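K.L.:
One predicted model, sequence on top.
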Amino acid sequence: MEKDSERLNKYLALRLGISRREADDMIYQSSVSVNSRVAELGSRVTASDIITIAGKAISHETNYKYFLLNKPEGYVCSRRAQGDNPTIYDALPAGMTAYKPVGRLDKNSSGILLLSNDGDYAFKMTHPSFQKTKIYLVDLNKALEPLHHQMIADYGIDLEDGKSKFSLEKMDHNSKSWRVTMTEGRNRQIRRTFRALGYEVTKLHRTNFGPYAIGDLKPGDFVEVQAL
């Protein structure tokens, strides 16, 4: 295998902003050529190759894009359906499968979800070393006791994958609604933290992710953004 080569369908998907399946369809229809030869499914290319579509050369420069989606509840962050649950791509226009979720929200959570085809961007937004602040609005099934508030905010709660600690700001008089601010983002961390103390999260909505805020974007709507 030639050094620094990549699959042609991945190459096309990244530079055209399409899915790999759509790229495979283009190759199958014989509309893609590599160095003046009709490409085949499974072909690999390098930066020195000349790739054309219907006779028109395409740039080797990747067309990176970034989107902010207000994920509705009930949707999973996956390209493939999981049982009867719709995926986030069912809420997006065709062709958006080229863009992967940057971090995730579980099925029953809503709010800001970033999508991109830029792997370096995704890494910088999600790796713990970059400490991107995330803010959530969380509803509990019962009032959070002051002692448990202190335990979470000051000492942290021991979970199977390590200690969980985040700040809490009360949002109502009955101590059921809270604003959670954290820089971590382990799988279902907020839900597991409260469950360890005997609470269930009845609603979880992410409003902020690093420099991005959900604003007045409606559930299911999305907007293209800049890499910040």
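P.N.:
Sure, I can see it. Numbers count the residues shown, from 1 in each chain.
K.L.:
Need the phi and psi values for residue 149.
P.N.:
Dihedral pair for residue 149: phi -60, psi -50, per degrees, to the nearest 10.
K.L.:
separation between it and residue 96?
P.N.:
Remark: distance between residue 149 and residue 96 (Cβ to Cβ, to the nearest Å) = 40 Å. The C-beta positions use only the backbone N, C-alpha and C, and glycine is treated the same way.
K.L.:
out of the two, which sits in the busier spot?
P.N.:
Remark: of residue 149 and residue 96, residue 96 carries more neighbours, 18 against 15, as counted by other Cβ atoms under 10 Å.
K.L.:
ok, the more buried one touching residue 90?
P.N.:
No. The criterion here is Cβ atoms under 8 Å, and residue 96 misses it with residue 90 at 10.2 Å.
K.L.:
Do you have the helices of this structure handy? List them.
P.N.:
Remark: helices assigned in the chain by DSSP state H are 8-16, 20-28, 119-126, 146-150, 189-195.
K.L.:
Tell me how many other residues surround residue 187.
P.N.:
Count around residue 187 with other Cβ under 10 Å applied: 9.
K.L.:
coming back round to it: indicate which one of the helices of the chain is closest to residue 81.
P.N.:
Nearest to residue 81 among the helices of the chain is helix 20-28 (14.8 Å), distances taken as Cβ to Cβ.
K.L.:
Sort out which residues of the closest one are buried, please.
P.N.:
Buried positions in helix 20-28, judged by neighbour count with 16 or more other Cβ atoms under 10 Å: 20, 22, 23, 24, 26, 27.
K.L.:
which residues touch the first one?
P.N.:
Contacts were defined as Cβ atoms under 8 Å, 6 or more residues apart in numbering; by that measure residue 20 touches 9, 10, 13, 98.
K.L.:
helices or strands up against the helix or strand of the chain with the lowest mean pLDDT?
P.N.:
Least confident helix or strand, the chain: helix 8-16 with a mean of 83, by mean pLDDT, DSSP states H and E. Judged by 3 or more Cβ pairs under 8 Å, 6 or more residues apart in numbering; DSSP states H and E, helix 8-16 is in contact with helix 20-28, strand 32-34, strand 44-45, strand 51-53.
K.L.:
How is the protein divided into domains?
P.N.:
According to automatic domain parsing, the chain comprises the domains 6-57, 66-127+213-224, 133-209.
K.L.:
show me what contacts residue 158?
P.N.:
Contacts of residue 158 (Cβ under 8 Å, 6+ apart): 164, 196.
K.L.:
one step back: is it possible to export the helices of the chain to JSON lines including distance to residue 78?
P.N.:
JSON lines is the format used below for the helices of the chain (distance: least, Cβ to Cβ, whole Å):
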{"stretch": "helix 8-16", "distance to residue 78": "18"}
{"stretch": "helix 20-28", "distance to residue 78": "15"}
{"stretch": "helix 119-126", "distance to residue 78": "16"}
{"stretch": "helix 146-150", "distance to residue 78": "33"}
{"stretch": "helix 189-195", "distance to residue 78": "18"}
